[in-house]
Each structure stands twice: as structure tokens, then as C-alpha cells.
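**Q** Sequence first, then the predicted structure:
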Amino acid sequence: MNEFAVIKTGGKQYKISKGDTILIEKIKSDEEPKVGDKIIFDNVLMVDNGKDTTLGDPYINGAKVIGVLMAEGKGKKITVIRYKAKSRYFKKKGHRQPYFKVKIESIK
């Protein structure tokens, strides 16, 4: 009886269970969430409680997943290079993607 859900956030889908820790894209909002704040995911695509499965069309009305923000950070550095041969064109940039580390508390 392992209850799990599939949620959508940051353009990606995550299969989660209660107690899981996931890394998600940083959520932009008017009020920046702080470490220890609750984050509610409303875009629930599927819920399975072990006996029956509920599928959304595309989302399940009234279903939500509650998590707690554990940490904020940046991912590993990615190097982006643009180069054109024989024309002396070379551009090099680095990028670190910001993320949230979220611990899932409950699936409702």
C-alpha cells in the first residue's frame, strides 16, 4: 500500500510519495518562499492509493500535494559555447540553474 502521485511543476513531471525529497525548478512568485515554508502543488496529474487510481483530465480537481521547502541552491555549472569556424567567432558562457529542495509531507 504505497500511495504515490504524479505532479507537474516547472515544466516537468515528478512521481512522488510521502516522505520523498525532490529537487524542483525554482518557483517564482510575488512573495519568495523561505526555508521551512509550505509549498502546495495543485497540478496533480494522477493519484494512486494502492487500491484505485485516479487520473486527471489534465489535472485532478481538489487534489493537492503539500511539501516543505528544505533548501535553496544552484545546480552544477553548465558551459555554453558558440563557435563559428574560420571567422574568429567564439562565445563562452556559464549557467547555474537555481533549484528548491522540497520534502513531501502529504498527498490529499
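**A** Arrived safely, thanks for sending. Residues are numbered from 1 along each chain as shown.

**Q** residue closest to the middle of the protein?
**A** residue 24 (2.8 Å; CA atoms, centre = their mean).

**Q** how close does that one sit to residue 61?
**A** Separation of residue 24 from residue 61 (CB to CB, to the nearest Å): 23 Å. Yep, even glycine has a C-beta here, placed from its N, CA and C like the rest.

**Q** Quick check: buried residues in stretch 40-54?
**A** 41, 43-48 (16 or more other CB atoms under 10 Å).

**Q** ah, wrong one, I meant stretch 20-40
**A** 22, 24, 33, 39.

**Q** Grab the two from those that are most spread out in space.
**A** 22 and 33 (14.9 Å; CB to CB).

**Q** Which residue is the nearest non-sequential neighbour of residue 68?
**A** residue 103 (5.2 Å; CB to CB, 6 or more residues apart in numbering).

**Q** what is that neighbour paired to in the beta sheet?
**A** Note on residue 103: beta-bridge partners by DSSP bridges are residue 21, residue 68.

**Q** Give me the residues contacting stretch 40-59.
**A** Residues from elsewhere that reach stretch 40-59 (CB atoms under 8 Å, 6 or more residues apart in numbering): 1-9, 13, 60, 63-67, 107.

**Q** Can you flag which of the residues you listed belong to strands?
**A** Of the contacts of stretch 40-59, the ones assigned to strands by DSSP state E are 4-9, 13, 65-67, 107.

**Q** re earlier: which of the buried residues of stretch 40-54 lies at the shortest distance from residue 84?
**A** residue 43 (41.3 Å).

**Q** give me the beta-bridge partners of the nearest residue to the closest one once chain neighbours are set aside?
**A** Take residue 43 and drop its neighbours on the chain: the residue closest to it by CB to CB, 6+ apart is residue 8, 4.3 Å away. Taking DSSP bridges as the rule, residue 8 bridges to residue 13.
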